[in-house]
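> Provided below are the primary sequence and the corresponding predicted coordinates.
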Amino acid sequence: MSDNANGYAAKTSSNKLELIEYKLKNFEPNEVEIEIDHCGVCGTDVSYINNKFGITNYPFIGGHEIVGRITKVGSNTTDFDIGAKVGVGFFRGFCNECSCCNDGNENLCSLKEPTIASYGGFSNKIRVQANACVPIPNELDYTKVSPLLCAGITVFSPLVEYNVSPMSKVAVIGVGGLGHVALMFLKKWGCEVTAITSTSSKATDAKKFGADNVIGTYDEKEKQKFSQYFDMIFYTIEEDLRWNDLLDLLAPNGRLHFLGLPKNEISFNIINLLRFQKTISASIVGSPKRMFEMLKFSSEHQILPVTEHFHFSKINEAIKKLKENEIRYRAVLSWKL
């Protein structure tokens, strides 16, 4: 079996991705090798390609929403067989020794290895730790499931971590690649769901995804009706908002939870938090265990993102559309279409 792979790499922050051949990392006993069938394209991939965070090493191969079949199993790996359909999300490996790893919170491990730290899923194969993989349920559409390994786990994990009640009133800011998935999960969770969007044309879609109410981001009169109303607000966009006004929408003991990264630093009037014991928190993705639970929940309720599909050879077209906000709502690359 060859140690070489082919993937689409950015050689600089401004060039189009090009197909290159490269050598895979050494195969370890606790790893599996996966032949990739599908991989989602996420805004984070674009940020790394553009070196937004100043940490990208070129040539860079993105992709962290990976679905494929296991073709090789390490000598210390017993959880998967050859041919198993699995998914890999934002992390490809962990130290497996720290308290976070031992407690099942591998996503918090200080030595975790992002899937895109080296060559990621915009390729035909990858090697990852077996415990970073999750089995793909047969009940889910194999061609559409990959975005759940990022967007799905990002919105599902805080529902569990913060014990969100099915009776909760939850608002989602943004009806995009992440927000539309949040609406789906929250509705199936049992919550009363409100979509907050600056794009009026998305109101109909928001209702289809599960929103009971839709209000405009800048419709101050409409938002006044929801003063002190929400038990939780999910922020899923990358825009600066009037943060103290947002806190006013939270009920006592309410939580504003960031799943997206605002453009600038944020500030709050601490009095707004103190008076009613409101909380601000943030997270991305989740542990492998939580990802397994998310996929199980998705299969039981048939939660799948709205996707556009591209052959891997059209990766630059997919990225261009994503940059121009023309994807409805997630892009998925496939080697066979």
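Right, received. Where do you want to start? Numbers count the residues shown, from 1 in each chain.
> isn't F292 right up against V134?
Yes - assessed by C-beta atoms under 8 Å, F292 is found in contact with V134 at 5.0 Å. (Glycine included, C-beta is placed from N, CA and C.)
> who has more neighbours, the two?
V134 (22 against 17; other C-beta atoms under 10 Å).
> please identify which helix or strand holds the more buried one.
If you go by DSSP states H and E, V134 is part of strand 133-135.
> can you check I34 too?
strand 31-41.
> any idea how far that strand is from the chain center?
Averaging C-alpha positions (C-alpha atoms, centre = their mean, to the nearest Å) puts strand 31-41 16 Å from its chain's average.
> same check on stretch 136-155?
10 Å.
> distance of C191 from V170?
5 Å (C-beta to C-beta, to the nearest Å).
> please identify every residue contacting each of the two.
V164 (C-beta atoms under 8 Å, 6 or more residues apart in numbering).
> assumed T56 was part of a strand.
No - according to DSSP: H, G, I helix; E, B strand; the rest coil, T56 belongs to no strand; its state is coil.
> can you pull the pLDDT of it?
At T56, the model reports a pLDDT of 93.
> so who does it touch?
A10, S13, Y48, I49.
> and for T307?
Here T307 is in contact with K144, P147, Y329, R330, A331, V332 (criterion: C-beta under 8 Å, 6+ apart).
> so what does the closest residue to the fourth one other than its chain neighbours have for phi and psi?
In other words, R330. In space, and not counting its chain neighbours, R330 is closest to P147: 4.1 Å by C-beta to C-beta, 6 or more residues apart in numbering. Note on P147: backbone dihedrals following degrees, to the nearest 10 are phi -60, psi -20.
> hmm, P147 is touching G40, no?
Yes - using C-beta under 8 Å, P147 is in contact with G40, at 4.3 Å.
> need the overlap of contacts for those two.
Common neighbours of P147 and G40 (criterion: C-beta under 8 Å, 6+ apart): E65, R330, V332.
> who wins for most neighbours among the residues you listed?
Counting by other C-beta under 10 Å, top hit in those: E65 with 32 neighbours.
> you'd agree it is up against L149?
Yes - E65 is in contact with L149 according to C-beta under 8 Å; the separation is 4.7 Å.
> what do those two both touch?
Shared contacts of E65 and L149, counting by C-beta under 8 Å, 6+ apart, come down to G40, G87, G89.
> which regions of the stretch 101-250 of the chain sit below the pLDDT cut-off?
Across the stretch 101-250 of the chain, no stretch falls below the confidence threshold (pLDDT under 70).
> for it, which segments are assigned as helices?
Counting by DSSP state H, counting those that start in this stretch, the stretch 101-250 of the chain has helices at residues 151-161, 179-189, 203-209, 220-224, 243-247.
> put the alpha carbons of the last one into PDB.
Spelled out, it's helix 243-247. Extracted in PDB, the C-alpha atoms of helix 243-247 (Å, rounded to 0.1, in the frame of the first residue of the first chain):
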ATOM      1  CA  TRP A 243     -23.800  43.300  22.500                       C
ATOM      2  CA  ASN A 244     -25.600  44.900  25.500                       C
ATOM      3  CA  ASP A 245     -28.800  45.000  23.500                       C
ATOM      4  CA  LEU A 246     -28.300  41.300  22.800                       C
ATOM      5  CA  LEU A 247     -28.000  40.500  26.500                       C
END
